[in-house]
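**Q** sequence and predicted model, in that order:
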Amino acid sequence: MTANVSFLDQLFNQGILYDSGVDGIYGRSADFEDVISRFEDLALSLGKDEISEAMVFPPGMPMTDFETSGYMKNFPQLAGTVHAFCGSDHDHMGLIQCMAAGEDWTENQKKTDLALTPAACYPLYPILAKRGPLPESGAYVALQSYCFRHEPSKEPTRMQMFRQREYVRVGTEEQTTAFRETWKQRGQEMMDLLELPHHVEVANDPFFGRAGRMLGSSQREQELKFELVIPVNEGASPTACMSFNYHMDNFGKAWNIQQADGSPAHTACVGFGLERLALALFRHHGFDVKAWPAGVRKSLWG
Ligand SMILES: Nc1ncnc2c1ncn2[C@@H]1O[C@H](COP(=O)(O)OP(=O)(O)OP(=O)(O)O)[C@@H](O)[C@H]1O
Ligand SMILES: [Zn+2]
């Protein structure tokens, strides 16, 4: 790696990502997308006998479900909501004039019934809740979604729009905690196959504000979140590329998802940051995918 060119600039120069002018919003090259889809195939091949359903969600979700998630209580700084023009012809004239004058033209942009999806598993919970009590076997869903988080950064691994592949287990405490342990192991095995240096550590979510610090330390104490981290950005701590989360029965209660016996369901999710994993592969194995180590190529391309 060239020492004085940042990893982000190298990705632009090598045509792996395309600069939009806004930090965290990038175009992706065909090679980059190919790596992501191969990685997804690898992940899906590991859990295929356990999955009860697979779903892909769009990047926006219903505002009511976003409100139920409690996201604004915990992470208001990261959230994005969708606003649209809802004015008259007269308002439109004003908008055009403001734009032409370089003034604020957003006065008539009104709240819609959509929020940008902040975490891939949120749209799933209301779908499960509507079905009524779960079967004894619970639910085991593979899903993917684009997510939005307002955290612009020069670190290519911290994007504003990125994809998460998730596995979500919903059911009893035993089912969900066992699931999380299985995937903690599997995640590390996958990283061994891909020859990426990694370790798993206890973690916390970036809760907002002073009260948030306490929520973060209690999350750590209860070991509700683990992350698999990989060194990617020079001079920075290793990057969380997967997370293994246990929500107890919090989401079961919030969305009214019931176990077979009517009690609130427990939930756990495993999230793969698809762009981060691809970036880790480019960082460690180089910009030319054809020159990646034979074992890595075999794991991804067969
Ligand atoms: N801004 C981002 N850009 C790219 N990938 C991300 C981003 N935020 C999270 N991810 C990926 O999604 C996965 C699951 O999201 P999760 O909410 O656990 O992340 P997180 O712990 O909040 O990440 P971080 O601590 O780095 O902000 C993360 O492990 C990571 O791989
Ligand atoms: Zn999740």
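**A** That came in fine, so what should we check first? Ligands and ions are numbered 1, 2, ... in the order given.
**Q** start and end of stretch 131-138, how far apart?
**A** Counting by C-alpha to C-alpha, to the nearest Å, you get 12 Å between the two ends of stretch 131-138.
**Q** from the chain's centroid, how far away is that stretch?
**A** For stretch 131-138, the separation from the chain centroid amounts to 26 Å (computed by C-alpha atoms, centre = their mean, to the nearest Å).
**Q** identify the residues contacting the residue of the stretch 51-200 of the chain found nearest ligand 2.
**A** The nearest approach of the stretch 51-200 of the chain to ligand 2 comes at residue 121, 3.2 Å away (C-beta to the ion). Where you see a C-beta, it was placed from the backbone N, CA and C, and this is true even at glycine. By C-beta atoms under 8 Å, 6 or more residues apart in numbering, the residues touching residue 121 are 143, 166, 168, 267, 269, 271.
**Q** for it, helix, strand, or coil?
**A** When classified by DSSP: H, G, I helix; E, B strand; the rest coil, residue 121 comes out as coil.
**Q** 34 is where my numbering starts, stick with that
**A** Renumbered: residue one is now 34, and that last one reads residue 154.
**Q** can you show me the strands along the protein?
**A** Secondary structure of the chain by DSSP state E: the strands cover 50-52, 59-61, 86-90, 93-95, 114-118, 142-149, 172-181, 194-204, 232-235, 258-263, 272-279, 299-306.
**Q** and the second one, which residues are buried?
**A** Right, the one you point to is strand 59-61. When burial is assessed from 16 or more other C-beta atoms under 10 Å, strand 59-61 yields the following buried residues: 59, 61.
**Q** hmm, it in reach of ligand 1?
**A** No. Strand 59-61 stays clear of ligand 1 (C-beta under 6 Å from any ligand atom), getting no nearer than 10.5 Å.
**Q** give me the contacts around that strand.
**A** By C-beta under 8 Å, 6+ apart, the residues outside strand 59-61 that reach it are 50-53, 69, 189, 192, 308.
**Q** is residue 94 in a bridge, and if so with what?
**A** Under DSSP bridges, the beta-bridge partners of residue 94 are residue 148.
**Q** number of nearby residues for it?
**A** Residue 94 has 23 neighbouring residues, counting by other C-beta atoms under 10 Å.
**Q** what's the answer for residue 115, then?
**A** The number of residues packed near residue 115 is 16, by other C-beta under 10 Å.
**Q** nearest residue to it in space, please, no chain neighbours.
**A** residue 147 (4.1 Å; C-beta to C-beta, 6 or more residues apart in numbering).
**Q** how about the strands of the chain in CSV, adding distance to residue 314 and mean pLDDT?
**A** Listed next are the strands of the chain as CSV, based on distance: least, C-beta to C-beta, whole Å; pLDDT from 0 to 100:
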stretch, distance to residue 314, mean pLDDT
strand 50-52, 13, 98
strand 59-61, 14, 98
strand 86-90, 22, 97
strand 93-95, 29, 98
strand 114-118, 33, 97
strand 142-149, 27, 97
strand 172-181, 18, 98
strand 194-204, 15, 98
strand 232-235, 17, 98
strand 258-263, 9, 98
strand 272-279, 10, 98
strand 299-306, 12, 98
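**Q** pick the most deeply packed of those strands.
**A** When the strands of the chain are scored by mean count of other C-beta atoms under 10 Å, the highest mean neighbour count falls to strand 299-306 (a mean of 25).
**Q** re the thing from before, the strands of the chain: which one's closest to residue 320?
**A** Closest of the strands of the chain to residue 320 is strand 50-52, at 10.8 Å (criterion: C-beta to C-beta).
**Q** report whether that closest one contacts ligand 1.
**A** No. On the criterion C-beta under 6 Å from any ligand atom, strand 50-52 is out of touch with ligand 1, staying 12.2 Å away.
**Q** quick revisit: any idea which of the contacts of strand 59-61 is closest to residue 164?
**A** residue 69 (30.6 Å).
**Q** how many residues are close by that closest one?
**A** Using other C-beta under 10 Å, residue 69 has 20 neighbouring residues.
**Q** with residue 128 instead?
**A** When neighbours are counted by other C-beta under 10 Å, residue 128 registers 17.
**Q** contacts only, for it.
**A** The contact partners of residue 128, taken as C-beta under 8 Å, 6+ apart, are 118, 120, 138, 140-141.
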